[in-house]
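J.: Quick check, what structure comes out for this input:
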Amino acid sequence: MTARTEAAGTPGAIPRTGAAEAVGGTNARAAYAGEPIRATAAEPVRGANARAAAAVAEPGAPARPPLVREFLLVAGLFLVYKLGRQLAAGHTAEAFRNAHRVWDLERALHLPGEGALQSPLLTGGLPAHLANTYYAAVHFPATAAFLVWLYLRRPAHYVWARRVLAVVTAAALALHLAFPLAPPRMLGAAHLVDIARVYGPSVYGPPRGDHLSNQFAAMPSLHFGWALMVAAGLIATTRSRWRALWLLHPLVTLLVIVGTANHYWLDALVAAALLAAALTAVRPPHRTEAPATPTASAAQATALAARGPGQFGPAAANTLAGAGR
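T.: Reported below is the predicted structural model:
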């Protein structure tokens, strides 16, 4: 009598439904010995449910940091940065001397003039208005949305990205304090237009009366540094074939910050160098793969058990033993 017949004729036994039914643990050994297969609480979940259960119970899945703690931490770091920028204010003469040095260095390096990028924005009000709006309205919301998405979907990468941004911002603050720099829109030798004041909207007031921001903190450009980190983080944490398109965000940001004459080319290059150093110091987490499900081997064990204990050889016995292991 085969295992299928015995299972069907024994009270309390579960009849088999096909070769794809999972058999594991003691049930695999019972099927090999021709004994009835009993229902147990540890019987494997089948099909798509098995894959879902394995994904949910993935070992080593990182815990999401406490929300209130993270909110206070990020807000605190931002306030420290804003207060630190204020410490660099007031160094007007030094900021303009540094501006002339940066402008001369760019010409010595044969970098393209910022005016060539600003010219298309001066052809009408709409291009300039769009560039100013992007500069004013995208920087913080895009970075915040990036962190929120990582917090909800990639907790381990969220901690990594938050640390990288903190390192870059701290290094930028130190450079703002050590090297105050007037933006090119204030530099007469650059012959550039402050298009934010001409076409709007502008996030800055007159330099003498602007007590909410430090306009002499042009180097490095955190607009570009943060945008580049957003793109790098999304490329590292997604698997879409189109994920390289996230690089459009730092590219557009670069064109905007230079075209609006808020930053020099070197401001963006220094920001990129700081980000590269931070990414080297703060390593990203390794992806953990979901454990393989025993569906295939269990199905093979069921098929062999249904044939009866006398109809397969040592190789089949090894298969059954592996399924119940």
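
J.: those helices in the stretch 151-300 of the chain, which residues are they?
T.: For the stretch 151-300 of the chain, the helices defined by DSSP state H, counting those that start in this stretch cover 155-178, 195-199, 222-237, 248-259, 265-281, 295-306.

J.: mind giving me a markdown table with those helices and columns for mean neighbour count and distance to residue 65?
T.: In short, each C-beta sits where N, CA and C put it, glycine included. Listed next are these as a markdown table, based on neighbours: other Cβ atoms under 10 Å; distance: least, Cβ to Cβ, whole Å:
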| stretch | mean neighbour count | distance to residue 65 |
| --- | --- | --- |
| helix 155-178 | 19 | 7 |
| helix 195-199 | 19 | 37 |
| helix 222-237 | 23 | 16 |
| helix 248-259 | 21 | 25 |
| helix 265-281 | 18 | 19 |
| helix 295-306 | 21 | 35 |
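
J.: Switch those helices over to TSV; also include mean pLDDT and distance to residue 70.
T.: As requested, those are exported to TSV (pLDDT from 0 to 100; distance: least, Cβ to Cβ, whole Å):
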stretch	mean pLDDT	distance to residue 70
helix 155-178	92	8
helix 195-199	89	33
helix 222-237	96	16
helix 248-259	96	23
helix 265-281	97	19
helix 295-306	48	38
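
J.: Relative to residue 119, which of the ones you listed is closest?
T.: With Cβ to Cβ as the criterion, residue 119 lies closest to helix 248-259 of the helices of the stretch 151-300 of the chain, at 8.8 Å.

J.: Can I get the closest one in CSV? Just the C-alpha atoms.
T.: C-alpha atoms of helix 248-259 as CSV (Å, rounded to 0.1, in the frame of the first residue of the first chain):
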residue,chain,number,x,y,z
LEU,A,248,18.9,65.1,-13.4
HIS,A,249,18.2,66.6,-10.0
PRO,A,250,21.8,67.6,-9.2
LEU,A,251,22.3,68.5,-12.9
VAL,A,252,19.4,71.0,-12.9
THR,A,253,20.5,72.2,-9.5
LEU,A,254,24.0,73.0,-10.8
LEU,A,255,22.6,74.9,-13.8
VAL,A,256,20.3,76.8,-11.5
ILE,A,257,22.8,77.8,-8.8
VAL,A,258,25.3,79.0,-11.4
GLY,A,259,22.8,80.6,-13.8
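
J.: any residues touching that helix, and which ones?
T.: Helix 248-259 is touched from outside by 114, 117-118, 120-121, 131, 134-135, 138-139, 142, 195, 221, 223-224, 227-228, 230-231, 263-265, 267-268, with contacts defined as Cβ atoms under 8 Å, 6 or more residues apart in numbering.

J.: cool, and stretch 231-245?
T.: With contacts defined as Cβ under 8 Å, 6+ apart, stretch 231-245 is touched by 146, 150, 153-154, 157, 161, 164, 246-247, 249-250, 275, 279, 284.

J.: measure the residue nearest to residue 169 when sequence neighbours are not counted to residue 225 for me?
T.: Distances taken as Cβ to Cβ, 6 or more residues apart in numbering put residue 81 closest to residue 169, at 5.5 Å, once the chain neighbours are dropped. Counting by Cβ to Cβ, to the nearest Å, the gap from residue 81 to residue 225 is 12 Å.

J.: what comes up buried for stretch 114-122?
T.: By neighbour count on 16 or more other Cβ atoms under 10 Å, the buried set for stretch 114-122 is 114, 115, 117, 118, 121.

J.: possible to save the residues you listed as JSON lines with distance to residue 77 and secondary structure?
T.: Shown next, in JSON lines, are those (distance: Cβ to Cβ, whole Å; DSSP: H, G, I helix; E, B strand; the rest coil):
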{"residue": "114", "distance to residue 77": "31", "secondary structure": "helix"}
{"residue": "115", "distance to residue 77": "36", "secondary structure": "helix"}
{"residue": "117", "distance to residue 77": "32", "secondary structure": "helix"}
{"residue": "118", "distance to residue 77": "33", "secondary structure": "helix"}
{"residue": "121", "distance to residue 77": "33", "secondary structure": "helix"}
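
J.: and which of the residues you listed is nearest to residue 200?
T.: For the buried residues of stretch 114-122, the residue nearest residue 200 by Cβ to Cβ is residue 121; the value is 12.9 Å.

J.: I appreciate the help and will end here.
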